[in-house]
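J.: Turn this into a structure:
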Amino acid sequence: MVAPSLWLLTSVLIMTFGHFGHKSCHRSCSQVTFYLPQSRNSQCSTGKSSCLMEATITVDPTEDLFERVNITLTQLTPGDYLRDHVMFFTLVFPGYRHDNGLNNPTSGNTNGGYLSNTESNNGLLPYGPNSANSYLHSYSSNHNHRHHGVNQNYNRETTVINYSCRLLSTGNAIAEVIQGNGLKYSYVSNSSKSCSFIFNRYDYLWPTLSTHQKVDLINNGDFTVTIGYDDITKDLRPESLPLHKMAFLRCCHRHHGGSKYLVIIEPAPTPISFYSSSLTSQSYIQRRPAIDFYLQAYSPIPRTVILELTGPSEQSLRVNVSNSYFNVSILTDGEWISVLNNLTLPRIPRRSDPFDDFRLNWTLPVLLETPRGSIVIEEGQYVLDIESDVSYGHREKVYITD
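T.: Below you'll find the predicted structure:
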């Protein structure tokens, strides 16, 4: 496995690796469109002629490794021009519980801090002729209970977050966002028939609860989604959104990791470029084929993850990553050797702000240079093992090509 070589370990990488989503994917992976029929009892075909509106949700990767979300509401059938109309995209989050401060939405429980919604949401539509408030409905009930001799306070509050597009009879469209914490933002749309809401997790338009906590749209599926036009509504599944569990990446790439992780291993679209030198020549730029790696953990978010690939000739590649440590090593002749100097700089985003996140990507050349000589990452079938400090281990077979 180790070939004699005069190469010295003096490589300095000159190319950094961007978002793993750089691969050209079909738009259907990162964009989904929902159509609303003209009445509750009618059907709405994708031909749009029988549809009141469409809601398009698009997720695009950004250079900082996070994602940008675009919610666009578009009128398809002209309404009564003598009165105003409203289209909306509404997220409803069930209540949470406080037990003497022991259980709260930021405690990191496996359900994103929310309890199952056992209370009826009937009549909770944000718009309609019977609405007492045409912008936002929410309810809460506070109870004091004695359980096992301990006073406990329970607070259940349903949070409604609303993205709306008011189509005025004057011909203008007003985009409006009402967050769960009551903050309201509005602006005039560039179109008279549609409104777009574009944001990332650090923007004020990102869904925010009444606790001022931003919603983890990747891991949290315990909420309801509704699109509507005046008093006509349609419920959607959170799992149908392209950001949920990074569905847009799983659609675009061959992925591994089961239900707890997202692992993508693919040939890099371009070779790695770096300076290298030998004992007999001066430094020069060399380009080598490489492999892209992407690792993401779903909730509960771990602090430490160990990924190991065992392949042909018992060759093993191990990745250790935690909040303060990252290393990639390869097993040769019974000894683990770090190959960090062969990597492009790994991209590791912040993992706690505004909500917990664990992901990273890196690029590794097929031919690795070590103090013990050159090592080639062999093409073939590997066994992927993943362990973390919060989840059971995961194992599956993967095939690596270079």
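J.: which is the next helix or strand following the helix or strand bottoming out on mean pLDDT in the chain?
T.: One helix or strand of the chain scores below all others by mean pLDDT, DSSP states H and E: strand 12-13, with a mean of 28. Later in the chain than strand 12-13, the nearest helix or strand by DSSP states H and E is helix 27-30.
J.: what comes up buried for that following helix?
T.: By neighbour count on 16 or more other C-beta atoms under 10 Å, the buried set for helix 27-30 is C29, S30. The C-beta positions use only the backbone N, C-alpha and C, and glycine is treated the same way.
J.: Downstream of it, the next helix or strand is which one?
T.: strand 31-37.
J.: And the contacts of the next helix or strand after that next one?
T.: Remark: after strand 31-37, the chain's next helix or strand is strand 51-61, criterion DSSP H and E. For strand 51-61, contacts defined as C-beta atoms under 8 Å, 6 or more residues apart in numbering pick out 19-22, 30-38, 44-45, 48, 67-77, 87, 89, 227, 229, 232, 241-243, 248.
J.: how does it look with 6 Å?
T.: 19, 21, 30-36, 38, 44, 67-77, 87, 89, 227, 229, 241-243, 248 (C-beta atoms under 6 Å, 6 or more residues apart in numbering).
J.: Quick one: the helices in the stretch 151-300 of the chain, in order.
T.: Secondary structure of the stretch 151-300 of the chain by DSSP state H, counting those that start in this stretch: the helices cover 247-252.
J.: low-confidence ranges in it?
T.: Across the stretch 151-300 of the chain, residues meeting the criterion (pLDDT under 70) sit at 151-156, 273-286.
J.: Which residue ranges of it form strands?
T.: 173-178, 184-188, 194-200, 224-229, 232-236, 255-256, 261-267, 272-276, 284-288, 290-297 (DSSP state E, counting those that start in this stretch).
J.: Just checking: what are the partner strands of the longest one?
T.: It stands for strand 290-297. strand 261-267 (antiparallel), strand 358-365 (antiparallel) (DSSP bridges).
J.: Mean neighbour count, the ones you listed: which tops it?
T.: strand 358-365 (a mean of 22; mean count of other C-beta atoms under 10 Å).
J.: Show me what it is in contact with.
T.: Counting by C-beta under 6 Å, 6+ apart, 17, 20, 268, 272, 288, 290-297, 301, 342-344, 346-348, 351 sit against strand 358-365.
J.: Give me the next element, helix or strand, following that strand.
T.: strand 367-370.
J.: What is that next one packed up against?
T.: Counting contacts by 3 or more C-beta pairs under 6 Å, 6 or more residues apart in numbering; DSSP states H and E, strand 367-370 is packed against strand 373-376.
J.: so for the strand it packs on, what's the average pLDDT?
T.: Taken as a whole, strand 373-376 has a mean pLDDT of 86.
J.: Buried ones in the helix or strand just after that strand, by neighbour count?
T.: Note on strand 373-376: by DSSP H and E, the next helix or strand toward the C-terminus is strand 380-388. Buried residues in strand 380-388, counted by 16+ other C-beta under 10 Å: Y382, L384, D385, I386, S388.
J.: same deal with stretch 225-239?
T.: V225, T226, I227, G228, Y229, D230, I232, T233, K234, L236, P238.
J.: One more: stretch 83-98?
T.: 85-97.
J.: try stretch 72-81
T.: Per 16+ other C-beta under 10 Å, stretch 72-81 contains these buried residues: T72, L73, T74, Q75, L76, G79.
J.: One more: stretch 59-67?
T.: Result for stretch 59-67 [16+ other C-beta under 10 Å]: buried residues V59, D60, P61, L65, E67.
J.: Give me the distance between the two termini of that stretch.
T.: 6 Å (C-alpha to C-alpha, to the nearest Å).
J.: and that stretch, how far from the chain's centre?
T.: Here stretch 59-67 shows a centroid-to-chain-centroid distance of 9 Å under the convention C-alpha atoms, centre = their mean, to the nearest Å.
J.: same deal with stretch 356-366?
T.: Worked out by C-alpha atoms, centre = their mean, stretch 356-366 lies 15 Å from the chain centre.
J.: what do you get for stretch 356-376?
T.: 25 Å.
J.: sorry, back to before: next, format the strands paired with strand 290-297 as JSON lines and append distance to K214.
T.: Shown next, in JSON lines, are the strands paired with strand 290-297 (distance: least, C-beta to C-beta, whole Å):
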{"stretch": "strand 261-267", "distance to K214": "21"}
{"stretch": "strand 358-365", "distance to K214": "17"}
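J.: Can you say which of these is nearest to I161?
T.: strand 358-365 (24.5 Å; C-beta to C-beta).
J.: Break this protein into its domains for me.
T.: If you go by automatic domain parsing, the domain ranges for the chain are 2-21+253-400, 27-242.
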